[in-house]
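> Build me a structure from this.
(one chain, ligands or ions: 1)
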Amino acid sequence: MKPVQVGILGLGTVGGGTVKLMLQNTQEINNRAGRKVEIVQAAALDNSVLQKLDNCDIKFSTDVFDIINNPQIDIVVELIGGVDLAKKCVLKALQNNKHIVTANKALIATCGDEIFALAQRKGLTVAFEAAVAGGIPIIKAMREGLSANKIKTIAGIINGTTNFILSKMADKNTPFAEVLKEAQQKGYAEADPTFDIEGIDAAHKLCIMGSIAFGIPLQFDKVYTEGIDRITSQDVHFALQLGYKIKHLAIAKRTKKGVQMAVHPTLIPKDKLIANVDDVMNAVLIDADALGTSMYYGAGAGELPTASAVVADIIDVSRTLTTDPKNRVPHLALEPDKIQNTNILNMSDITSSYYLNIKVLDKPGVVAKITAILAEKEISIEAVIQQDTKNISSEYVPLIILTRKVQEKYMNEALLKITDLDVVFEYNKIRMEQL
Ligand code: HSE
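Got it, this is the predicted structure:
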């Protein structure tokens, strides 16, 4: 059989890793693909990655269209990142009858419906395992392994950079900026790290998983997104004192009122398995009706872990080249005509318990004023800590309250009233999940 010819766009962390892994495990890859699979051409801004490799005969170009328009190429691997150029490349490559492998979560989350529709019309595959949770084969697990189930809940730590930062804040009190720098040096962070810190990267990934889990179109703009920038070491340590860890969690839930899709810092009981997923590691917890709860754990970023998912897709696509396009696993698990829109909940409609860190004046009656407002909104209190003021230089002291479950609308109304009190300076609200 003719070897499968692969062209790769982008030689950054993941692109470089993909080339290295293809060279490192050539025999295993060919055996698993059932034929020879070779990267024949690569395009990037510079050639330093290929120049460092021994025995590398990959043709290099600075023009991505040299690959996209090359009639010999069967699979285009898009590892440029970003949306504009990547979208142009993928659409043109599909028009030129190339299958696509991509690690680009922003592209799939925001333009996936258009890209999949074109691929479907052309009988081509767009594989995107590396777009979600790095090396963990979560797309395959959800789309194929769990295809007999109705998925009820997904809860994931799906951004390695923010998990790395929160873990270091908990362990060593290392300042935020220093940990971020380390994550960038290790190749975990996005080119623009605000995508990690503000939760946009995790929201892209959650949007893709939510669509596969619930059979809904990709709707990135409806994913609620909150970053980790408001989390302080003080919150991390109060949470620990109360038996919780703070994780940057992506949650998708099917509820009676609609689907909840949100990314935000979350307190999780510290003895739960997912609360102990630290450093750059990712984990996705899935609650499904037949299987029950299962968890998928592994490296969520980095050169070879992400390349592992890219190369697995290259092998998968190589195998599907000779199969009937109509019988391939659909991109989003369901045939396109079975994908149905459903109500995505506003955050004011969700129900959660909350951790509140309210900065208050250390005066008699303050706690009573705050608890009276909570009681008025029928919000029950689970625990309260008021820190000893000895070590605090500010006139305001943190009052920590854990609440029972309440609709977010009422929590926000109570917090508006609480901030109006002249004894309150500011507050931080973090949602909690028992999982
Ligand atoms: N910046 C991402 C992360 C890379 O930190 O998880 C993998 O998508």
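> Leaving out sequence neighbours, find the closest residue to Leu79.
Once flanking residues are discounted, Leu79 sits nearest to Gly10: 3.7 Å by CB to CB, 6 or more residues apart in numbering. For the C-beta atoms, the positions are set from N, CA and C on the backbone; glycine is no exception.
> quick one: contacts for that neighbour?
By CB atoms under 8 Å, 6 or more residues apart in numbering, Gly10 lies in contact with Ala43, Ala44, Glu78, Leu79, Ile80, Gly81.
> next one: Ser352
Lys405, Val406, Glu408, Met411, Arg431, Met432, Glu433.
> so where do the helices sit in the stretch 301-435 of the chain?
303-320, 366-376, 408-420 (DSSP state H, counting those that start in this stretch).
> So which bits of the protein are right by the ligand?
Within the chain, the residues that sit near the ligand (CB under 6 Å from any ligand atom) are Gly134, Asn159, Gly160, Thr161, Tyr188, Ala189, Glu190, Asp196, Asp201, Gly300, Ala301.
> how many other residues sit next to His339?
One correction, residue 339 is Ile, not His. Neighbour count for Ile339, taken as other CB atoms under 10 Å: 19.
> swap that for Ile154, sorry
25.
> and the gap between it and Leu435?
11 Å (CB to CB, to the nearest Å).
> hey, where'd the strands end up in the stretch 201-350 of the chain?
224-225, 244-255, 258-269, 281-288, 292-299 (DSSP state E, counting those that start in this stretch).
> The fourth one pairs with which strands, and in what direction?
With DSSP bridges as the test, strand 281-288 is paired with strand 151-157 (antiparallel), strand 292-299 (antiparallel).
> quick one: average pLDDT of the shortest one?
The one in question is strand 151-157. Mean pLDDT, computed over strand 151-157, is 98.
> Please pull up the helix or strand immediately following that strand.
Later in the chain than strand 151-157, the nearest helix or strand by DSSP states H and E is helix 160-172.
> quick one: buried residues of the helix or strand that that following helix is followed by?
Later in the chain than helix 160-172, the nearest helix or strand by DSSP H and E is helix 176-185. Judged by neighbour count (16 or more other CB atoms under 10 Å), helix 176-185 contains these buried residues: Phe176, Val179, Leu180, Ala183.
> how about the closest residue to Leu146 other than its chain neighbours, what does it touch?
Leaving aside its chain neighbours, Leu146 sits nearest to Ala288 (5.5 Å; criterion: CB to CB, 6+ apart). By CB under 8 Å, 6+ apart, the contact list for Ala288 reads Leu146, Asn149, Lys150, Ile151, Lys152, Ser294.
> Looking at those, which one is closest to Gly365?
Set against Gly365, the nearest of those by CB to CB is Lys152 (44.5 Å).
> Tell me how far that closest one lies from Leu218.
20 Å.
> of those two, who's got more company?
Neighbour count, other CB under 10 Å: between Lys152 and Leu218, Leu218 has more, with 25 against 17.
> Surely the more buried one and Ile208 touch.
Yes: Leu218 is in contact with Ile208 according to CB atoms under 8 Å; the separation is 6.8 Å.
> Overlap in contacts, these two.
Common neighbours of Leu218 and Ile208 (CB under 8 Å, 6+ apart) are Ile108, Ala109, Gly112.
> Give me the neighbour count for the second one.
Right, the one you point to is Ala109. With other CB under 10 Å as criterion, Ala109 counts 27.
> Packing partners of the helix or strand hosting it?
Assigned by DSSP H and E, Ala109 belongs to helix 105-122. Contacts defined by 3 or more CB pairs under 8 Å, 6 or more residues apart in numbering; DSSP states H and E place helix 105-122 against helix 84-95, strand 99-102, strand 126-127, helix 200-214.
> any idea how far the least confident helix or strand in the chain by mean pLDDT is from the chain center?
Every helix and strand in the chain was compared by mean pLDDT, DSSP states H and E; the lowest is helix 176-185, with a mean of 86. Counting by CA atoms, centre = their mean, to the nearest Å, helix 176-185 is centred 19 Å from the centre of its parent chain.
> So what touches that helix?
Gly160, Thr161, Phe164, Ile165, Lys168, Met169, Ala189, Pro193, Asp196, Ile197, Val280.
> All set, thanks.
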